[in-house]
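Q: everything below, folded, please.
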Amino acid sequence: MSDTLSVKDNRTGKEYTLPITDGNLRAMDLRQIKVKPDEFGMMSYDPAYMNTACGQSKVSFLDGERGILRYRGYPIEELAENCTFLEVAYLLINGELPNETELREWVAQVNHHRLVHENVKKIMEGFHYDAHPMGMLTSTVAALSTFYPDAKNIKDADSRMLQVVRLLAKMPTIAAYAYRHSQGLPYAYPDNDLSYTENFMHMLWKRTEPKYSTNPVLARALDVLFILHADHEQNASTTTMRNVGSAQADPYASTAAACAALSGPLHGGANEEVLTMLAQIGSREHIPDYIKQVKEGRCKLMGFGHRVYKNYDPRARIIKRTAEEVFKVTGRNPKLDIAIELEKIALEDEYFIKRKLYPNVDFYSGIIYQAMGFKPEMFTVLFAIPRTAGWLAQWLEMLNDPEQKIARPRQVYAGHELRHTPAAMLEELTAGVR
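A: This is a model prediction of the structure:
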(Lines give C-alpha, C1' and ligand atoms only; values in the text may rest on other atoms or scores of the structure.)
Protein backbone atom coordinates (compact mmCIF):
# COMPACT_ATOMS: atom_id res chain seq x y z
CA MET A 1 0.00 0.00 0.00
CA SER A 2 1.44 3.37 -1.03
CA ASP A 3 -0.74 5.55 1.23
CA THR A 4 0.75 4.20 4.43
CA LEU A 5 3.56 4.95 6.83
CA SER A 6 5.78 2.18 8.19
CA VAL A 7 6.89 2.68 11.78
CA LYS A 8 9.34 0.55 13.72
CA ASP A 9 9.26 0.77 17.50
CA ASN A 10 12.91 0.33 18.49
CA ARG A 11 11.87 -0.42 22.07
CA THR A 12 10.19 -3.65 21.05
CA GLY A 13 11.33 -4.26 17.48
CA LYS A 14 7.69 -4.35 16.34
CA GLU A 15 6.72 -2.78 13.05
CA TYR A 16 3.42 -1.02 12.34
CA THR A 17 1.74 0.10 9.13
CA LEU A 18 -0.27 3.28 9.64
CA PRO A 19 -2.76 4.47 6.99
CA ILE A 20 -2.35 7.95 5.51
CA THR A 21 -5.68 9.68 4.85
CA ASP A 22 -5.70 12.95 2.89
CA GLY A 23 -1.99 13.24 3.54
CA ASN A 24 -2.34 12.89 7.31
CA LEU A 25 -2.09 10.35 10.09
CA ARG A 26 -4.91 9.80 12.52
CA ALA A 27 -3.71 10.13 16.08
CA MET A 28 -5.86 7.18 17.20
CA ASP A 29 -3.81 4.89 14.95
CA LEU A 30 -0.87 5.48 17.27
CA ARG A 31 -2.71 3.81 20.15
CA GLN A 32 -1.77 0.34 18.88
CA ILE A 33 1.91 1.11 19.54
CA LYS A 34 2.64 -0.31 23.01
CA VAL A 35 5.45 -1.91 24.97
CA LYS A 36 3.06 -3.87 27.21
CA PRO A 37 -0.44 -5.07 26.24
CA ASP A 38 -2.08 -3.33 29.21
CA GLU A 39 -0.61 0.10 28.37
CA PHE A 40 -2.82 2.96 27.17
CA GLY A 41 -0.84 3.21 23.94
CA MET A 42 1.15 5.96 22.29
CA MET A 43 -0.22 9.48 21.88
CA SER A 44 1.00 12.42 19.84
CA TYR A 45 2.27 15.25 22.05
CA ASP A 46 1.55 18.69 20.60
CA PRO A 47 1.39 21.67 22.99
CA ALA A 48 -0.60 24.58 21.51
CA TYR A 49 -1.76 22.33 18.64
CA MET A 50 1.20 23.39 16.48
CA ASN A 51 0.73 20.43 14.15
CA THR A 52 -2.62 18.88 15.06
CA ALA A 53 -5.84 19.09 13.05
CA CYS A 54 -8.94 19.07 15.25
CA GLY A 55 -11.31 18.26 12.40
CA GLN A 56 -12.14 18.76 8.73
CA SER A 57 -13.41 22.12 7.53
CA LYS A 58 -14.58 23.66 4.26
CA VAL A 59 -14.97 27.20 5.61
CA SER A 60 -11.59 28.84 5.04
CA PHE A 61 -8.26 27.86 3.56
CA LEU A 62 -4.94 29.32 4.64
CA ASP A 63 -1.54 28.69 3.08
CA GLY A 64 0.96 30.55 5.20
CA GLU A 65 3.94 29.73 3.01
CA ARG A 66 2.38 31.31 -0.06
CA GLY A 67 0.39 34.04 1.71
CA ILE A 68 -3.03 32.75 0.61
CA LEU A 69 -6.39 33.14 2.39
CA ARG A 70 -9.65 31.97 0.86
CA TYR A 71 -13.23 31.78 2.15
CA ARG A 72 -15.07 28.78 0.68
CA GLY A 73 -12.55 28.82 -2.19
CA TYR A 74 -12.82 32.53 -2.99
CA PRO A 75 -9.61 34.60 -2.65
CA ILE A 76 -9.86 37.15 0.15
CA GLU A 77 -8.71 39.86 -2.30
CA GLU A 78 -11.72 39.28 -4.59
CA LEU A 79 -14.20 39.23 -1.72
CA ALA A 80 -12.83 42.46 -0.22
CA GLU A 81 -12.96 44.12 -3.63
CA ASN A 82 -16.39 42.98 -4.80
CA CYS A 83 -18.58 42.02 -1.82
CA THR A 84 -20.22 43.45 1.27
CA PHE A 85 -19.69 41.95 4.69
CA LEU A 86 -23.20 40.46 4.81
CA GLU A 87 -22.59 38.76 1.45
CA VAL A 88 -19.40 37.24 2.87
CA ALA A 89 -21.21 36.22 6.06
CA TYR A 90 -23.83 34.45 3.93
CA LEU A 91 -21.04 32.72 1.99
CA LEU A 92 -19.30 31.49 5.15
CA ILE A 93 -22.49 30.18 6.71
CA ASN A 94 -24.25 28.76 3.63
CA GLY A 95 -21.29 27.77 1.46
CA GLU A 96 -22.14 29.89 -1.59
CA LEU A 97 -22.44 33.58 -2.39
CA PRO A 98 -26.08 34.73 -2.43
CA ASN A 99 -27.90 35.68 -5.60
CA GLU A 100 -29.81 38.96 -5.69
CA THR A 101 -33.01 37.51 -4.17
CA GLU A 102 -31.16 35.54 -1.49
CA LEU A 103 -29.13 38.60 -0.51
CA ARG A 104 -32.20 40.78 -0.24
CA GLU A 105 -33.92 38.23 2.02
CA TRP A 106 -30.74 37.71 4.06
CA VAL A 107 -30.27 41.43 4.69
CA ALA A 108 -33.95 41.77 5.65
CA GLN A 109 -33.62 38.91 8.17
CA VAL A 110 -30.53 40.42 9.78
CA ASN A 111 -32.13 43.88 9.92
CA HIS A 112 -35.24 42.44 11.53
CA HIS A 113 -33.22 41.07 14.46
CA ARG A 114 -30.98 44.08 15.17
CA LEU A 115 -32.88 45.17 18.24
CA VAL A 116 -32.10 43.62 21.62
CA HIS A 117 -34.61 43.03 24.41
CA GLU A 118 -34.99 46.08 26.64
CA ASN A 119 -33.87 44.00 29.61
CA VAL A 120 -30.53 43.45 27.88
CA LYS A 121 -29.94 47.17 28.26
CA LYS A 122 -30.63 46.82 31.99
CA ILE A 123 -27.94 44.14 32.20
CA MET A 124 -25.49 46.45 30.50
CA GLU A 125 -26.40 49.36 32.74
CA GLY A 126 -25.24 47.25 35.68
CA PHE A 127 -21.62 47.46 34.55
CA HIS A 128 -19.29 50.04 36.04
CA TYR A 129 -18.89 53.16 33.92
CA ASP A 130 -15.31 52.25 33.00
CA ALA A 131 -15.97 48.57 32.28
CA HIS A 132 -14.01 47.33 29.28
CA PRO A 133 -16.28 47.04 26.21
CA MET A 134 -14.97 43.54 25.44
CA GLY A 135 -15.91 42.34 28.92
CA MET A 136 -19.37 43.83 28.49
CA LEU A 137 -19.75 42.20 25.06
CA THR A 138 -18.66 38.77 26.31
CA SER A 139 -20.95 38.86 29.34
CA THR A 140 -23.97 40.17 27.45
CA VAL A 141 -23.66 37.65 24.62
CA ALA A 142 -23.60 34.87 27.22
CA ALA A 143 -26.73 36.35 28.80
CA LEU A 144 -28.60 36.19 25.48
CA SER A 145 -29.06 32.45 25.94
CA THR A 146 -31.46 33.23 28.80
CA PHE A 147 -33.54 35.40 26.47
CA TYR A 148 -33.68 32.72 23.76
CA PRO A 149 -34.13 29.34 25.46
CA ASP A 150 -35.03 27.84 22.09
CA ALA A 151 -31.32 28.14 21.23
CA LYS A 152 -30.68 25.01 23.27
CA ASN A 153 -32.47 23.00 20.59
CA ILE A 154 -29.29 22.77 18.55
CA LYS A 155 -30.46 19.67 16.63
CA ASP A 156 -33.20 21.66 14.93
CA ALA A 157 -31.83 23.20 11.73
CA ASP A 158 -34.39 26.03 11.64
CA SER A 159 -33.66 26.94 15.24
CA ARG A 160 -29.93 26.91 14.60
CA MET A 161 -30.27 29.29 11.66
CA LEU A 162 -32.50 31.62 13.67
CA GLN A 163 -29.81 31.92 16.35
CA VAL A 164 -27.17 32.52 13.66
CA VAL A 165 -29.17 35.46 12.27
CA ARG A 166 -29.86 36.80 15.75
CA LEU A 167 -26.18 36.77 16.69
CA LEU A 168 -25.03 38.40 13.46
CA ALA A 169 -27.68 41.09 13.89
CA LYS A 170 -27.23 41.78 17.59
CA MET A 171 -23.44 41.76 17.93
CA PRO A 172 -23.06 45.31 16.50
CA THR A 173 -25.93 46.52 18.67
CA ILE A 174 -24.41 45.12 21.86
CA ALA A 175 -20.97 46.42 20.87
CA ALA A 176 -22.33 49.91 20.22
CA TYR A 177 -24.26 49.89 23.50
CA ALA A 178 -21.09 48.90 25.35
CA TYR A 179 -19.30 51.87 23.82
CA ARG A 180 -22.15 54.30 24.57
CA HIS A 181 -22.25 53.03 28.16
CA SER A 182 -18.55 53.82 28.59
CA GLN A 183 -19.19 57.34 27.27
CA GLY A 184 -22.26 57.97 29.42
CA LEU A 185 -24.42 58.39 26.32
CA PRO A 186 -28.00 57.19 25.75
CA TYR A 187 -28.30 54.14 23.53
CA ALA A 188 -29.09 54.73 19.86
CA TYR A 189 -31.54 52.26 18.35
CA PRO A 190 -30.69 50.52 15.06
CA ASP A 191 -31.68 52.16 11.78
CA ASN A 192 -32.85 49.59 9.23
CA ASP A 193 -32.42 52.03 6.35
CA LEU A 194 -28.66 51.74 6.80
CA SER A 195 -26.24 49.00 5.79
CA TYR A 196 -24.57 46.73 8.33
CA THR A 197 -21.55 48.96 8.93
CA GLU A 198 -23.42 52.24 8.42
CA ASN A 199 -25.91 51.20 11.09
CA PHE A 200 -23.11 50.23 13.48
CA MET A 201 -21.47 53.64 13.05
CA HIS A 202 -24.87 55.30 13.55
CA MET A 203 -25.39 53.44 16.84
CA LEU A 204 -21.90 54.43 17.98
CA TRP A 205 -21.79 58.11 17.12
CA LYS A 206 -25.30 59.49 16.70
CA ARG A 207 -25.95 62.47 18.94
CA THR A 208 -28.99 64.75 18.65
CA GLU A 209 -29.28 64.94 14.86
CA PRO A 210 -32.55 63.50 13.46
CA LYS A 211 -30.66 61.24 11.03
CA TYR A 212 -27.03 60.22 11.35
CA SER A 213 -25.13 60.39 8.07
CA THR A 214 -22.10 58.15 7.67
CA ASN A 215 -19.25 58.90 5.32
CA PRO A 216 -19.51 56.26 2.55
CA VAL A 217 -15.72 55.90 2.29
CA LEU A 218 -15.40 55.16 6.01
CA ALA A 219 -18.40 52.82 5.98
CA ARG A 220 -16.92 50.88 3.07
CA ALA A 221 -13.52 50.79 4.77
CA LEU A 222 -15.11 49.28 7.87
CA ASP A 223 -16.97 46.79 5.66
CA VAL A 224 -13.66 45.71 4.12
CA LEU A 225 -12.06 45.35 7.54
CA PHE A 226 -15.01 43.22 8.65
CA ILE A 227 -14.56 40.97 5.59
CA LEU A 228 -10.85 40.54 6.32
CA HIS A 229 -11.55 39.51 9.92
CA ALA A 230 -14.54 37.25 9.24
CA ASP A 231 -12.68 33.93 9.47
CA HIS A 232 -9.15 32.64 9.74
CA GLU A 233 -9.11 28.88 9.99
CA GLN A 234 -8.50 27.24 13.40
CA ASN A 235 -7.24 30.12 15.53
CA ALA A 236 -7.61 30.21 19.32
CA SER A 237 -11.12 31.71 19.42
CA THR A 238 -12.49 29.55 16.59
CA THR A 239 -11.14 26.41 18.22
CA THR A 240 -12.74 27.57 21.48
CA MET A 241 -16.07 28.00 19.65
CA ARG A 242 -15.84 24.46 18.31
CA ASN A 243 -14.67 22.96 21.62
CA VAL A 244 -17.46 24.54 23.66
CA GLY A 245 -19.97 23.78 20.92
CA SER A 246 -18.89 20.13 20.92
CA ALA A 247 -20.41 19.87 24.40
CA GLN A 248 -23.70 20.92 22.73
CA ALA A 249 -23.73 24.26 24.51
CA ASP A 250 -26.03 26.78 22.84
CA PRO A 251 -24.46 29.18 20.29
CA TYR A 252 -24.64 32.18 22.65
CA ALA A 253 -22.56 30.42 25.30
CA SER A 254 -20.16 29.16 22.63
CA THR A 255 -19.81 32.63 21.09
CA ALA A 256 -19.21 34.18 24.51
CA ALA A 257 -16.42 31.66 25.09
CA ALA A 258 -14.92 32.54 21.71
CA CYS A 259 -15.10 36.24 22.66
CA ALA A 260 -13.24 35.46 25.87
CA ALA A 261 -10.46 33.76 23.90
CA LEU A 262 -10.32 36.68 21.48
CA SER A 263 -9.97 39.19 24.32
CA GLY A 264 -6.44 38.00 25.09
CA PRO A 265 -3.63 40.34 23.93
CA LEU A 266 -1.95 37.50 22.01
CA HIS A 267 -5.06 37.08 19.86
CA GLY A 268 -7.38 40.07 19.48
CA GLY A 269 -5.30 42.80 21.08
CA ALA A 270 -2.29 42.85 18.77
CA ASN A 271 -3.34 45.94 16.78
CA GLU A 272 -3.44 48.00 19.98
CA GLU A 273 0.13 46.85 20.68
CA VAL A 274 1.14 48.16 17.23
CA LEU A 275 -0.23 51.61 18.07
CA THR A 276 1.72 51.59 21.33
CA MET A 277 4.90 50.66 19.44
CA LEU A 278 4.42 53.40 16.85
CA ALA A 279 3.83 55.93 19.63
CA GLN A 280 7.06 54.81 21.32
CA ILE A 281 9.00 55.23 18.06
CA GLY A 282 7.57 58.71 17.70
CA SER A 283 9.03 59.69 14.35
CA ARG A 284 10.67 58.20 11.25
CA GLU A 285 14.08 59.38 12.44
CA HIS A 286 13.88 57.05 15.44
CA ILE A 287 13.13 53.92 13.39
CA PRO A 288 16.77 52.79 12.89
CA ASP A 289 17.38 52.91 16.63
CA TYR A 290 14.18 50.94 17.29
CA ILE A 291 15.19 48.32 14.70
CA LYS A 292 18.55 48.05 16.48
CA GLN A 293 16.78 47.45 19.82
CA VAL A 294 14.62 44.74 18.23
CA LYS A 295 17.69 42.93 16.95
CA GLU A 296 19.28 43.15 20.38
CA GLY A 297 16.20 41.58 21.95
CA ARG A 298 15.30 44.69 23.98
CA CYS A 299 11.86 45.11 22.38
CA LYS A 300 9.54 43.47 19.86
CA LEU A 301 8.45 44.45 16.38
CA MET A 302 4.67 44.34 16.82
CA GLY A 303 2.46 43.59 13.81
CA PHE A 304 5.15 41.55 12.09
CA GLY A 305 5.19 37.78 11.84
CA HIS A 306 2.42 35.25 12.36
CA ARG A 307 2.10 31.73 13.70
CA VAL A 308 0.89 30.54 10.30
CA TYR A 309 1.97 33.10 7.70
CA LYS A 310 5.58 32.78 6.56
CA ASN A 311 4.94 35.27 3.77
CA TYR A 312 3.22 38.64 3.47
CA ASP A 313 -0.24 38.42 5.06
CA PRO A 314 -2.64 38.97 2.11
CA ARG A 315 -4.97 40.92 4.41
CA ALA A 316 -2.19 43.39 5.23
CA ARG A 317 -1.89 44.42 1.56
CA ILE A 318 -5.62 45.15 1.37
CA ILE A 319 -5.61 47.06 4.65
CA LYS A 320 -2.67 49.18 3.52
CA ARG A 321 -4.68 50.33 0.48
CA THR A 322 -7.73 50.90 2.67
CA ALA A 323 -5.67 53.07 5.01
CA GLU A 324 -4.81 55.46 2.20
CA GLU A 325 -8.51 55.82 1.29
CA VAL A 326 -9.48 56.46 4.92
CA PHE A 327 -6.81 59.13 5.40
CA LYS A 328 -8.08 61.04 2.37
CA VAL A 329 -11.22 61.62 4.44
CA THR A 330 -9.86 61.88 7.98
CA GLY A 331 -6.52 63.52 7.31
CA ARG A 332 -3.23 61.69 7.42
CA ASN A 333 -2.23 60.12 10.71
CA PRO A 334 1.52 60.64 11.32
CA LYS A 335 1.64 57.04 12.57
CA LEU A 336 0.97 55.85 9.00
CA ASP A 337 4.18 57.44 7.74
CA ILE A 338 6.10 55.77 10.57
CA ALA A 339 4.43 52.43 9.78
CA ILE A 340 5.19 52.63 6.04
CA GLU A 341 8.83 53.51 6.67
CA LEU A 342 9.16 50.83 9.32
CA GLU A 343 7.70 48.25 6.94
CA LYS A 344 10.06 49.37 4.13
CA ILE A 345 13.15 49.04 6.31
CA ALA A 346 12.10 45.72 7.82
CA LEU A 347 11.32 44.16 4.43
CA GLU A 348 14.79 45.07 3.16
CA ASP A 349 16.67 43.93 6.25
CA GLU A 350 18.23 40.47 6.13
CA TYR A 351 17.50 39.98 9.85
CA PHE A 352 13.73 40.09 9.28
CA ILE A 353 13.76 38.42 5.85
CA LYS A 354 15.63 35.45 7.29
CA ARG A 355 13.06 35.09 10.06
CA LYS A 356 10.15 35.55 7.64
CA LEU A 357 8.79 38.49 9.61
CA TYR A 358 6.32 40.18 7.29
CA PRO A 359 3.51 42.63 8.18
CA ASN A 360 0.30 40.97 9.34
CA VAL A 361 -3.29 42.19 9.46
CA ASP A 362 -2.75 43.96 12.79
CA PHE A 363 0.01 46.22 11.52
CA TYR A 364 -2.30 48.70 9.76
CA SER A 365 -5.76 47.95 11.20
CA GLY A 366 -5.24 49.81 14.48
CA ILE A 367 -4.10 52.94 12.64
CA ILE A 368 -7.26 52.87 10.52
CA TYR A 369 -9.55 52.29 13.50
CA GLN A 370 -7.95 55.16 15.37
CA ALA A 371 -8.30 57.49 12.37
CA MET A 372 -11.99 56.58 12.09
CA GLY A 373 -12.58 57.61 15.69
CA PHE A 374 -12.45 54.29 17.54
CA LYS A 375 -10.71 54.14 20.89
CA PRO A 376 -8.17 51.35 21.43
CA GLU A 377 -10.40 49.55 23.94
CA MET A 378 -12.91 49.02 21.09
CA PHE A 379 -10.41 47.34 18.75
CA THR A 380 -11.02 43.79 20.01
CA VAL A 381 -14.77 44.37 19.90
CA LEU A 382 -14.40 45.42 16.25
CA PHE A 383 -12.65 42.11 15.68
CA ALA A 384 -15.39 40.11 17.42
CA ILE A 385 -18.28 41.51 15.37
CA PRO A 386 -17.20 40.12 11.98
CA ARG A 387 -15.48 37.05 13.40
CA THR A 388 -18.91 35.98 14.71
CA ALA A 389 -19.76 35.01 11.12
CA GLY A 390 -16.77 32.67 10.96
CA TRP A 391 -17.37 31.29 14.44
CA LEU A 392 -20.98 30.44 13.56
CA ALA A 393 -19.99 28.86 10.23
CA GLN A 394 -17.46 26.69 12.04
CA TRP A 395 -20.00 25.86 14.77
CA LEU A 396 -22.60 24.74 12.23
CA GLU A 397 -20.01 22.67 10.39
CA MET A 398 -18.85 21.03 13.61
CA LEU A 399 -22.41 20.06 14.60
CA ASN A 400 -22.96 18.38 11.23
CA ASP A 401 -19.68 16.47 11.29
CA PRO A 402 -20.49 12.74 11.81
CA GLU A 403 -17.08 12.21 13.45
CA GLN A 404 -17.57 14.99 15.99
CA LYS A 405 -17.60 14.07 19.65
CA ILE A 406 -17.17 16.23 22.72
CA ALA A 407 -13.65 17.68 22.63
CA ARG A 408 -11.50 15.93 25.22
CA PRO A 409 -7.72 16.27 24.68
CA ARG A 410 -5.35 13.84 26.38
CA GLN A 411 -2.41 14.87 28.52
CA VAL A 412 1.06 13.62 29.27
CA TYR A 413 1.07 13.23 33.03
CA ALA A 414 4.29 14.58 34.53
CA GLY A 415 3.36 14.62 38.22
CA HIS A 416 4.09 12.45 41.25
CA GLU A 417 3.65 8.71 41.30
CA LEU A 418 1.36 7.26 43.96
CA ARG A 419 1.92 8.75 47.39
CA HIS A 420 -0.05 8.87 50.64
CA THR A 421 -1.07 11.49 53.15
CA PRO A 422 0.74 11.47 56.54
CA ALA A 423 -2.48 10.34 58.24
CA ALA A 424 -2.84 7.34 55.93
CA MET A 425 0.82 6.42 56.42
CA LEU A 426 0.45 6.64 60.21
CA GLU A 427 -2.64 4.47 60.09
CA GLU A 428 -0.77 1.86 58.07
CA LEU A 429 2.14 1.88 60.53
CA THR A 430 -0.24 1.63 63.49
CA ALA A 431 -2.07 -1.27 61.85
CA GLY A 432 1.27 -3.03 61.36
CA VAL A 433 2.16 -2.64 65.05
CA ARG A 434 -1.21 -4.02 66.13
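Q: helices of the stretch 201-350 of the chain, start to end?
A: Ranges of helices in the stretch 201-350 of the chain, per DSSP state H, counting those that start in this stretch, are 216-228, 236-246, 251-262, 270-281, 287-295, 314-330, 334-348, 350-354.
Q: scratch that, the stretch 51-200 of the chain
A: 76-82, 85-94, 100-112, 118-125, 133-147, 157-183, 196-205.
Q: among those, which is nearest residue 212?
A: Comparing these by their distance to residue 212 (C-beta to C-beta), the top pick is helix 196-205, with 4.3 Å. C-beta: built from backbone N, CA, C; applies to glycine.
Q: how about low-confidence regions in this protein?
A: Regions of the chain meeting the criterion pLDDT under 70 cover residues 1, 307, 309-310, 432-434.
Q: next, the contact list for the residue most central in space within the chain, please.
A: When C-alpha atoms, centre = their mean is applied to the chain, the residue found nearest the centroid is residue 237 (4.8 Å). Residue 237 makes contact with 258-259, 261-262, 267-268, 387, 391, according to C-beta atoms under 8 Å, 6 or more residues apart in numbering.
Q: in TSV, list the residues you listed along with distance to residue 87.
A: Below are the contacts of residue 237 laid out as TSV (distance: C-beta to C-beta, whole Å):
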residue	distance to residue 87
258	22
259	24
261	27
262	23
267	26
268	24
387	16
391	18
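Q: and of these, the nearest to residue 216?
A: Closest to residue 216 out of the contacts of residue 237 is residue 387 (24.3 Å), distances taken as C-beta to C-beta.
Q: how many residues are close by the closest one?
A: 25 (other C-beta atoms under 10 Å).
Q: if we can go back for a sec, most tightly packed of the helices of the stretch 201-350 of the chain?
A: With neighbours defined as mean count of other C-beta atoms under 10 Å, these peak in mean count at helix 251-262, which reaches a mean of 25.
Q: format the helices of the stretch 201-350 of the chain as TSV; extra columns: distance to residue 61.
A: Below are the helices of the stretch 201-350 of the chain laid out as TSV (distance: least, C-beta to C-beta, whole Å):
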stretch	distance to residue 61
helix 216-228	15
helix 236-246	14
helix 251-262	20
helix 270-281	22
helix 287-295	32
helix 314-330	12
helix 334-348	25
helix 350-354	26
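Q: looking at those, which is nearest to residue 58?
A: Ranking those by their distance to residue 58 (criterion: C-beta to C-beta) puts helix 236-246 first, at 13.8 Å.
Q: and of the contacts of residue 237, the nearest to residue 349?
A: The closest of these to residue 349 turns out to be residue 267 (C-beta to C-beta; 27.2 Å).
Q: quick one: contacts for that closest one?
A: Neighbour list for residue 267: 235-237, 261 [criterion: C-beta under 8 Å, 6+ apart].
Q: repeat that for 6 Å
A: Contacts for residue 267 were tallied using C-beta atoms under 6 Å, 6 or more residues apart in numbering; they are residue 236.
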